[in-house]
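Trainee: below is the sequence, then the predicted model.
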Protein chains: 2
Amino acid sequence: MTSRNLEELSTAEALRLLAGVPIGRVVFTRHALPAIRPVNHLVADGQIVIRSNPGTVLSAEVAPSGAVVAFEADELDSDRHLGWSVIVTGVARLVDDPEEAAHYKARLRPWVSGEMDQVVRISPEIVTGFRLSPASPATT
Amino acid sequence: MTSRNLEELSTAEALRLLAGVPIGRVVFTRHALPAIRPVNHLVADGQIVIRSNPGTVLSAEVAPSGAVVAFEADELDSDRHLGWSVIVTGVARLVDDPEEAAHYKARLRPWVSGEMDQVVRISPEIVTGFRLSPASPATT
């Protein structure tokens, strides 16, 4: 295996990488069990914004109660074992303001159609991430 | 947007897709908070097998207590909004048998080096998944 450097990412760099990919995974707890859903997202003002349909656990249970969720995105090359992963932990809340919700909806194309969808915002409290990059020749 | 079909996957098809990709994400609860880690995995005898280092939460807390975890993998095309996602929920346990552990270790190349790494097996109890595929012309 090629030598690699494992680098911890700063919060700013982690959020920059997160903003550069369209898909992430929101992770929450339901009835004390871990649950995960792939979603598309955007990063605005340092917060992660996703869309969710009203009937889902995320819209009906997680966001209304201001529960803590995790959000993960990555770009990992499984052949070369290089890439990055970012994990954000924070409180999820529904975006109640109609104008603000409409603004985000226009920028986020949902995967499954639904007229009545809602917008959920995750406020990062803990941001962690790593990057595996090829080691420079001097250090191998 | 092109018309698409949303299809729920059978358990067999979901595990087949999961087995065909090298990277997934293990999701667990720590101190009542959701946590997620990207890992590489294999599927053997209907179970998901991953490697983990002894110092990690997964090895030191989650697997020894037989906690319930989720495991997710996907192949999603964010431009065309096509692809699949599979989510498995089940109990995680350390593989104690040295021969069995060695067998799996030989097949799973870890992302971060570590001599003393352990093998964790997830026994699926709930398997869900979906596939978004282009709608056939007759149904558009």
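Mentor: Looks like it came in fine.
Trainee: show me where pLDDT drops low in chain A?
Mentor: A:1-2, A:112-116, A:137-140 (pLDDT under 70).
Trainee: now do 50
Mentor: Residue ranges of chain A with pLDDT under 50: A:139-140.
Trainee: just the strands in it please.
Mentor: A:4-8, A:23-30, A:33-44, A:47-52, A:68-77, A:82-94, A:118-134 (DSSP state E).
Trainee: which residues sit in contact with the residue nearest the centre of chain A?
Mentor: Against the mean C-alpha coordinate of chain A, by Cα atoms, centre = their mean, the closest residue is A:Phe71 at 3.7 Å. Residues in contact with A:Phe71 (Cβ atoms under 8 Å, 6 or more residues apart in numbering or on different chains) are A:18, A:24-27, A:41, A:48, A:87-90, A:122. Bear in mind the C-beta positions are built from the backbone N, C-alpha and C, glycine included.
Trainee: if we use 6 Å, what do you get?
Mentor: Going by Cβ atoms under 6 Å, 6 or more residues apart in numbering or on different chains, A:Phe71 touches A:24, A:26, A:48, A:88, A:122.
Trainee: distance of it relative to A:Ala60?
Mentor: Separation of A:Phe71 from A:Ala60 (Cβ to Cβ, to the nearest Å) stands at 19 Å.
Trainee: okay, buried residues for stretch A:70-87 please.
Mentor: For stretch A:70-87, the neighbour count (16 or more other Cβ atoms under 10 Å in any protein chain shown) marks A:70-74, A:76, A:81-87 as buried.
Trainee: for it, C-alpha coordinates in CSV please.
Mentor: C-alpha atoms of stretch A:70-87 as CSV (Å, rounded to 0.1, in the frame of the first residue of the first chain):
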residue,chain,number,x,y,z
ALA,A,70,-25.2,13.4,13.0
PHE,A,71,-24.6,14.2,9.4
GLU,A,72,-21.9,12.5,7.3
ALA,A,73,-20.5,12.9,3.9
ASP,A,74,-17.4,11.5,2.3
GLU,A,75,-15.5,11.0,-0.9
LEU,A,76,-13.5,7.9,-0.5
ASP,A,77,-11.4,6.0,-3.1
SER,A,78,-11.7,2.4,-2.0
ASP,A,79,-8.9,1.2,-4.4
ARG,A,80,-6.3,3.7,-3.3
HIS,A,81,-7.7,4.2,0.3
LEU,A,82,-7.5,7.9,-0.1
GLY,A,83,-10.1,10.6,0.4
TRP,A,84,-12.0,12.3,3.2
SER,A,85,-14.9,11.9,5.5
VAL,A,86,-16.7,14.6,7.5
ILE,A,87,-19.0,14.1,10.5
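Trainee: chain B contacts on chain A?
Mentor: A:22-23, A:27-29, A:33-34, A:36, A:38, A:68-70, A:72, A:74, A:76, A:78, A:81, A:85, A:87, A:111 (Cβ under 6 Å from any Cβ of the partner chain).
Trainee: can you get me the start-to-end distance on stretch A:61-72?
Mentor: End-to-end distance of stretch A:61-72: 20 Å, with Cα to Cα, to the nearest Å as the criterion.
Trainee: buried stuff in that stretch?
Mentor: A:62-63, A:67-72.
Trainee: what's in contact with stretch A:4-21?
Mentor: Applying Cβ under 6 Å, 6+ apart, the contact partners of stretch A:4-21 are A:43, A:73, A:84, A:86, A:127, A:129-133, A:135.
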